[in-house]
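Asks: predicted model follows, preceded by the sequence.
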Amino acid sequence: MHDLTRRGALGLGAGALAAGLAVPGRARAAIPMGNATAPRQPIESGATLRVLRPTKFVDADETVFRENTAKFTAQTGVQVRVDFAGWEDLRPQTAVAANTGAGPDVVVAWADDPHIYADKVLDLSELAGYLGQKYGGWLALPQRFGKKWGTEQWVALPMGGSGGPCVYRISWLKEAGYDSLPTDHENFLKACQALKKNGHPAGFALGNAVGDGNAYCNWLLWSHGGMVVDEAGKVAINSPQTINALRYAKELYQTFIPGTLSWGDINNNRAYAAGEIGLTQNGVSMYFALKNDPKTAAIAEDTGMARMPFAPGGKMAENVLLLNAMVFKHTRFPNAAKEYLRFMMEAEQYDTWLTGCGGYWSHPLAAYAESQVWKGDPKIAVYRDTNTVEFWSGYKGPISQASGSVAADYVVVQMFAAASSGQATPEEAVREAERRARRYYR
């Protein structure tokens, strides 16, 4: 088995990074820009900053992020310390900073997190307005997570999102009788059953995985018309649509490789690279890691990526793992913090990061759809529209402390894990999820 690890081989290699950054001038020139005047944010004398963000999943994510940060320091004199936290560690560390009023000035958090601490973060509306005006407007999902619900006040600045389309072996799908991936649930299940029969099972994470567990289980819920709460924020997860999703999930689970109940964000990558599974969900990182390693290049060549089955009305229902930056009020240098975020989102820096990462963190601003990264390898075009999705954690209700807490507590993931594995009936699983959700939605 060719082993892949999150911190090492799973990242884009040096060759891929060089390829991604070889034409930064040309890539930047392709980004259309409108006329906009940057907010006047004079940096405080003696300012220093601490930034906390998730650890890399592709090497260039950290490399280019640090390089852009160093450019900011060189231009402004502001010393910036960037700490990278494990994906599961980011939320606890953020909570400590919020509750103690000390620690990082800027946290590049997960989607819901700034809404948990909405009363403890700075208003970023002026900055968000400037960036939107300059770069073609904010896409649908970043607008949802950037703004405090029901208002035009921006409590966070979305920086990118990792999408979750289906990743599959082209030849194995053809052997199973399919020239393309079905986009309806019934035939998607049949395709997975045929793959399993041929010795190429599916594999989707059912463990408490920030990325892949939420991606799979939220897709199941939304694509069947289910929701955690209704528009008014009333818990509505116990519905016929959710029951149907749970029953479908139990059938689909029969096509899985054993062990997915304990899968984190790395297990499906390893299983796919080893040829143990023929189909999963993943961000673009796995494809590039396979493509840029001679030992697995043939697997990358045989890899296709396509939309998961759609929600009612033909809507894309794939979960997005969103990076959402906030500035805590406890910072001594608010202008420096906001200037840092503005600098990182400007084309000269942002497009270099977007391109270097191979599109792993898909853009939140419409103008970056013209980035060179989306014009190279046609296979990754499916990731370009990641942030146009119209579903969010806590759908259909307000994005709030409650929705963030339900996501952090893996209520939806554990509901599907219980029903899929037979640990509970669909009816029992949804009642337990309803009970847990109501603890937060009071």
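Replies: Perfect, thanks for sending it.

Asks: got a list of what the residue positioned nearest the centre of the chain touches?
Replies: Most central in the chain under C-alpha atoms, centre = their mean is residue 321, positioned 1.8 Å from the mean C-alpha point. Shown in contact with residue 321 (C-beta atoms under 8 Å, 6 or more residues apart in numbering): 110, 111, 161, 162, 164, 210, 211, 214, 215, 283. In this view, the C-beta of every residue, glycine as well, is placed from N, C-alpha and C.

Asks: ok, 10 Å please
Replies: Applying C-beta atoms under 10 Å, 6 or more residues apart in numbering, we find residue 321 in contact with 54, 57, 87, 110-111, 160-164, 210-212, 214-215, 265, 283, 361, 386.

Asks: what does residue 189 give?
Replies: Per C-beta under 10 Å, 6+ apart, neighbours of residue 189: 182, 202, 248, 251, 252, 254, 255, 309.

Asks: related to what we said a few turns ago, and the gap between the residue nearest to the centre of the chain and residue 339?
Replies: For residue 321, the distance to residue 339 equals 27 Å [C-beta to C-beta, to the nearest Å].

Asks: rewinding a little: may I have the beta-bridge partners of the residue nearest to the centre of the chain?
Replies: residue 162 (DSSP bridges).

Asks: what pLDDT does it get?
Replies: Per-residue pLDDT puts residue 321 at 90.

Asks: just checking, residue 192 touches residue 202?
Replies: Yes: the pair residue 192 / residue 202 is scored as a contact, 4.6 Å apart, by C-beta atoms under 10 Å.

Asks: where do the contact lists of these two overlap?
Replies: Residues touching both residue 192 and residue 202 (C-beta under 10 Å, 6+ apart): 168, 252, 253, 254, 255, 256, 278, 279.

Asks: just the buried residues out of these, in PyMOL syntax.
Replies: Here is the PyMOL selection string for the buried members of the shared contacts of residue 192 and residue 202, based on 16 or more other C-beta atoms under 10 Å:
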select buried, resi 168+252+253+255+256+278+279
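
Asks: out of the shared contacts of residue 192 and residue 202, list just those in strands.
Replies: 168, 279 (DSSP state E).

Asks: and residue 420, that's in a helix?
Replies: Yes: counting by DSSP: H, G, I helix; E, B strand; the rest coil, residue 420 is located in a helix.

Asks: mind checking pLDDT for the closest residue to it other than its chain neighbours?
Replies: Leaving aside its sequence neighbours, residue 420 sits nearest to residue 253 (C-beta to C-beta, 6 or more residues apart in numbering; 3.9 Å). According to the prediction, residue 253 has pLDDT 98.

Asks: buried set for stretch 255-270?
Replies: Going by neighbour count (16+ other C-beta under 10 Å), the buried part of stretch 255-270 is 255, 256, 257, 260, 263, 264, 265, 266, 267, 268, 269, 270.

Asks: list the contacts of residue 213.
Replies: Counted by C-beta under 10 Å, 6+ apart, residue 213 has contacts 204-207, 260, 263-265, 319, 410, 412-414, 416-417.

Asks: redo that, cut-off 6 Å
Replies: Shown in contact with residue 213 (C-beta atoms under 6 Å, 6 or more residues apart in numbering): 205, 207, 413.

Asks: what's the answer for residue 379, then?
Replies: Residues near residue 379 by C-beta under 6 Å, 6+ apart: residue 305.

Asks: isn't there a helix covering it?
Replies: Yes: the assignment for residue 379 is a helix, going by three-state DSSP.

Asks: if I look at it, how far off is residue 298?
Replies: 15 Å.

Asks: in helices, which of the contacts of residue 321 appear?
Replies: Judged by DSSP state H, helices contain the following of the contacts of residue 321: 212, 214, 215.

Asks: tally of neighbours for the second one?
Replies: Using other C-beta atoms under 10 Å, residue 214 has 24 other residues around it.
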